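Trainee: Show me how the following folds:
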Amino acid sequence: MQDAELSWSRWQRPPPTRAQQRTDIGIGLAVFAGALAVTVLVNSMGAFTFGSAPSLTEQFAWAAAITLPLMVRRRYPLAVLAVVGALLIAAQVRQTGDNLMPSVAVFLAMYTVGAWERNRTLARWARVAVIVAMFIWLGIGLVGFLISPSPDFADAAGPLDPVLASVLYGIGFNLLFFLSAYFFGNLGWLSARRQAQLEDGAQRLRRSQEQNLRGAVVAERVRIARDLHDVVAHHVSVMGVQAGAARRVFDSDRELARSALITVEETARTAIGELRGLLGVLRAEPDAEARDAGESHPSSPGLDQVAELVEGARAAGLDVTSGVYGTRRVVPDAVAVSAYRVVQEALTNVVKHAGARRADVRVRFLDTALEVEVTDDGRGTTGGAGSADGADGTDGFGLLGMRERVGVHGGLLEAGPRRDGGYRVRASFPTRHVVAAEDSEELPAS
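Mentor: Presented below is the predicted three-dimensional model:
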């Protein structure tokens, strides 16, 4: 935070835009027109500031010289302030008829230096120098006023001496005038800096939102790819095993072949059903609250469907035992879906790659976690529950998908060969004890 404030303290206002430069031209011409109008009125009334004035043409020339530099005030603020300030003193020495519009020009020039000069140190001292010069000039005028014969204050009725009151009035008015120009100039600079900070913050927010959106799109694409892989790989693997079995026994055991083809048909229907459910989620309007909470679609499989995975693996010729241990309780839907997918992927790899005869599936409800474990007695190092999708045993989308699913919930995945042969996949998902469904039990292996 301090670094950011320090950085913004060095901020420099960008040069004026073309539109702002056109505005300055308009303001300069407007002040010049006002100076001409006031000069005409003063001369028409004979109310000259210093009692007398040069010719009207010369007064018009002074008005132009003092006010027209304002047309470039934001492009050259220091130069304009120096020129206008010097010409104001020169005009008063010459005793031109009007002092109002030249004072307005000095006010605008001093304000512009405070609001637009990029060198803040130079802006501060330049204005201080002009104020000091003006007060020196004011002091000279007051000295001349005091040493000259005192005018007749015929209507004076206040408690103060008229001469003292005149001096105090002149000093107070000029203090208010110049300090106001100084203050509002600084205020204009600070306002522009705050506006720049707001625009920078809005731009950073937009970039952050774009990055978050891109990240969300990538995450969603990964999730879709993972779900498609889990659905297709498992069911197609079962169908392939059953179709191969049917082919081998088609001539010798028609009944067994028929049973295998029925399993292929049922598995295909299940796969189509899950794919339709997934497509339904993709086509449906997203629910922000459910997405933020990490909830899954109501049609997504969960722990109750693990038994169907076990039956499917058995139908593929694998001897599978299963068990549920601990106190049954409700877990978040997203955790249940991820646990189901881990078991599904692990069994798929056992069927496809492990060359195993037996597998064991366990679901454990621990005090602070949900744990699923799949073991087999297959080749272990070259295939098994956590092996890759490829026959070569290299890491593929299966193990990567499992790690991603477990990692989303802050869990831990262990996948590797067992000491006594075979392969083990164990996934642990941190959970809170939500609702106890049954007393603590250990179901016998089926």
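Trainee: State which helix of the chain is the longest.
Mentor: Counting residues, the longest helix found in the chain (DSSP state H) is helix 162-249.
Trainee: where does the residue of the chain most remote from its centre land in three-state SS?
Mentor: Each residue of the chain has a distance to the centre, and by Cα atoms, centre = their mean the biggest one is for Pro149: 72.1 Å. Here Pro149 is recorded as coil under DSSP: H, G, I helix; E, B strand; the rest coil.
Trainee: Then the one 4 residues further on?
Mentor: Under the three-state scheme (three-state DSSP), Phe153 adopts coil.
Trainee: so how far is Phe173 from it?
Mentor: Distance, Phe153 to Phe173, using Cβ to Cβ, to the nearest Å: 18 Å. Quick note: C-beta positions are derived from backbone N, CA and C, even for glycine.
Trainee: Correct me if wrong, but Arg426 is in a strand.
Mentor: Yes: read with three-state DSSP, Arg426 is one of the residues of a strand.
Trainee: Could you count how many residues lie near it?
Mentor: 21 (other Cβ atoms under 10 Å).
Trainee: That one and Leu370 touch, don't they?
Mentor: No: between Arg426 and Leu370 there is no contact under Cβ atoms under 8 Å: 11.6 Å.
Trainee: Flag the shaky bits of the stretch 51-200 of the chain, pLDDT-wise.
Mentor: Within the stretch 51-200 of the chain, the segments meeting pLDDT under 70 span 145, 150-151, 154.
Trainee: The residue nearest to Gly422 when sequence neighbours are not counted: what's it in contact with?
Mentor: Among residues not flanking Gly422 along the chain, Asp377 sits closest, at 4.3 Å (Cβ to Cβ, 6 or more residues apart in numbering). Residues near Asp377 by Cβ atoms under 8 Å, 6 or more residues apart in numbering: Ala356, Arg357, Arg358, Ala359, Gly421, Gly422.
Trainee: Selection in ChimeraX covering whichever of these are buried, please.
Mentor: Buried members of the contacts of Asp377, defined by 16 or more other Cβ atoms under 10 Å, are picked up in ChimeraX with:
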select :356,359,422
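Trainee: Which members of the contacts of Asp377 are positioned in strands?
Mentor: Arg358, Ala359 (DSSP state E).
Trainee: Kindly reformat the contacts of Asp377 as a markdown table containing distance to Phe32 and pLDDT.
Mentor: As requested, the contacts of Asp377 are arranged in a markdown table below (distance: Cβ to Cβ, whole Å; pLDDT from 0 to 100):
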| residue | distance to Phe32 | pLDDT |
| --- | --- | --- |
| Ala356 | 97 | 83 |
| Arg357 | 102 | 86 |
| Arg358 | 101 | 89 |
| Ala359 | 95 | 91 |
| Gly421 | 100 | 84 |
| Gly422 | 96 | 87 |
